[in-house]
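> quick check, what structure comes out for this input:
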Amino acid sequence: MSSHTHNGPRPSASTRAAAQACLARMAARRSGAAHQARESPAAMARGLARTLLAEAGDASHLSLVKGPGADDVPDAGLAAAWPLRFGGAEPGHEKPLLYFLRASAASALRAACWETQDRGIILNLAETTPSRWTKGVMPDVPVWLNAYLPCTPYDPASADEARAILRGALQALYVDGDAGCCYLTLHGDDAGADPLSEPDAQAAWRGMYRIGPASADARIRLCGAGKALSRVIQAAGWLRRDWGIDSEIWSCPSYTRLARDAGAADRWNGLNPLMTPRTSHLDACLNGDARPVLAVTDYHQPIAGQIGAHVRAPFVAVGADSQAREHARPADAQWLVAMALRMLG
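Have a look, this model is predicted:
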């Protein structure tokens with residue numbers, strides 16, 4: 001789902017109408033209850049599914065699959081996406097697809113993508129249950145997601161981030177006609193985040209947005225994805241309190257999208273040197289100055305590290321394997337403070 005190409009199936013008028021009906025229902029649900037910004041991403045997605053299915057007529061606007069392990073998702077009558085491939089839908093009509101599952105292995109995600117023909121929005125609830133693996137998935141899952149180009153993976157930190165990404169996916173796939181599918185890992189913790197402004201919601205869909213206003217006094221930029229963001233914010237507080245160091249904080253729901261779009265912009269600029277250069281979202285966010293950048297993920301380090309080639313500043317990535325490679329675990333706030341101080345010398 002590149003910001004520069006729209007090479008998917010051309011949506012029919014009925015497909016666009018179905019997606020717009022879902023988007024309108026999402027907007028009504030958000031405006032109707034201010035407390036919903038305090039939900040977890042998983043609770044928001046389940047509640048949204050109930051809302052869409054409960055409204056009269058919305059079954060004609062949405063296909064919802066309750067896949068393996070998604071026991072707490074509303075029963076929509078579909079346990080797999082195969083009937084959608086071989087059913088008798090009118091030619092050219094494609095309803096928006098939400099596919100809930102709880103999958104810890106890449107093989108299960110590959111099967112879901114095969115079922116859906118690499119279309120739709122896949123919502124993985126694996127992070128909501130205890131697991132020996134960080135984020136509830138085996139280490140090969142983020143590697144496969146990163147390498148599988150038809151799928152754009154996201155790791156939202158809050159309910160409002162997840163809602164913004166779902167809105168962006170519905171618009172891109174079923175209104176604009178972008179190719180591919182969208183993947184979200186949904187955790188069950190209430191991030192306690194404030195509601196996103198509309199510009200921040202659009203920036204979250206593109207891969208990252210700044211939390212709070214820009215600060216000329218900030219000496220380092222701290223980036224976090226998913227549940228790691230709360231520890232990034234905690235580390236920023238300790239840096240300020242104990243060391244007098246101000247930080248700029250960025251939420252990065254998709255390091256993979258940032259890296260893919262930055263790479264695509266670099267390739268286009270290299271092939272078209274006489275044209276106006278394209279600027280990626282990552283470039284616009286981080287490449288205005290040379291302050292160090294510390295990027296954090298609860299996956300293994302290379303997932304955050306993939307943006308490093310496109311950051312024109314001192315850069316360090318931290319992942320679940322950064323503190324103890326034998327027993328991967330999320331980097332704690334103290335470790336992030338130590339890494340930030342080391343970068344600042």
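> got the residue ranges for the strands in this protein?
Taking DSSP state E as the test, the strands found in the chain are 63-66, 97-101, 120-124, 151-154, 181-185, 209-211, 220-224, 247-251, 293-296, 315-318.
> next, format those strands as CSV and append mean pLDDT.
As requested, the strands of the chain are arranged in CSV below (pLDDT from 0 to 100):
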stretch, mean pLDDT
strand 63-66, 90
strand 97-101, 94
strand 120-124, 96
strand 151-154, 98
strand 181-185, 98
strand 209-211, 97
strand 220-224, 98
strand 247-251, 97
strand 293-296, 98
strand 315-318, 97
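> which of the ones you listed sits closest to residue 268?
Each of the strands of the chain was scored for nearness to residue 268 using CB to CB, and the closest is strand 151-154 (18.5 Å). Backbone N, C-alpha and C define where each C-beta goes, glycine included.
> hmm, who's touching the closest one?
Strand 151-154 is touched from outside by 1, 113, 118, 122, 142, 145-146, 162, 165, 180-185, 253-254, 256-257, 260, with contacts defined as CB atoms under 8 Å, 6 or more residues apart in numbering.
> surely residue 25 meets residue 51?
Yes: counting by CB atoms under 8 Å, residue 25 does reach residue 51; the two are 6.4 Å apart.
> what about residue 130, distance to residue 73?
Between residue 130 and residue 73 the distance is 19 Å, computed by CB to CB, to the nearest Å.
> buried members of the contacts of strand 151-154 into ChimeraX, please.
Selection of the buried residues among those in ChimeraX, burial being defined by 16 or more other CB atoms under 10 Å:
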select :1,113,118,122,142,145,146,162,165,180,181,182,183,184,185,253,254,256,257,260
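> and the helices in the stretch 101-250 of the chain, which stretches?
All helices of the stretch 101-250 of the chain, identified by DSSP state H, counting those that start in this stretch, fall at 106-116, 140-147, 159-171, 198-206, 228-243.
> save the ones you listed as JSON lines, and put in mean pLDDT too.
Conversion of the helices of the stretch 101-250 of the chain to JSON lines gives the following (pLDDT from 0 to 100):
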{"stretch": "helix 106-116", "mean pLDDT": "94"}
{"stretch": "helix 140-147", "mean pLDDT": "95"}
{"stretch": "helix 159-171", "mean pLDDT": "96"}
{"stretch": "helix 198-206", "mean pLDDT": "97"}
{"stretch": "helix 228-243", "mean pLDDT": "97"}
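> buried deepest among those, which one?
Across the helices of the stretch 101-250 of the chain, averaging neighbours per residue (mean count of other CB atoms under 10 Å) puts helix 159-171 on top, at a mean of 24.
> packing partners for it?
Helices and strands touching helix 159-171, as assessed by 3 or more CB pairs under 8 Å, 6 or more residues apart in numbering; DSSP states H and E, comprise helix 13-32, helix 41-54, strand 120-124, strand 181-185, helix 198-206.
> just the residues contacting the last one, thanks.
Helix 198-206 is contacted from outside by 3, 156, 160-161, 163-165, 167-169, 196, 209-210, 251, 253, 257, 261, 281, 285, using CB under 8 Å, 6+ apart.
> tally of neighbours for the closest residue to residue 315 other than its chain neighbours?
Among residues not flanking residue 315 along the chain, residue 308 sits closest, at 4.5 Å (CB to CB, 6 or more residues apart in numbering). By other CB atoms under 10 Å, the residues close to residue 308 number 17.
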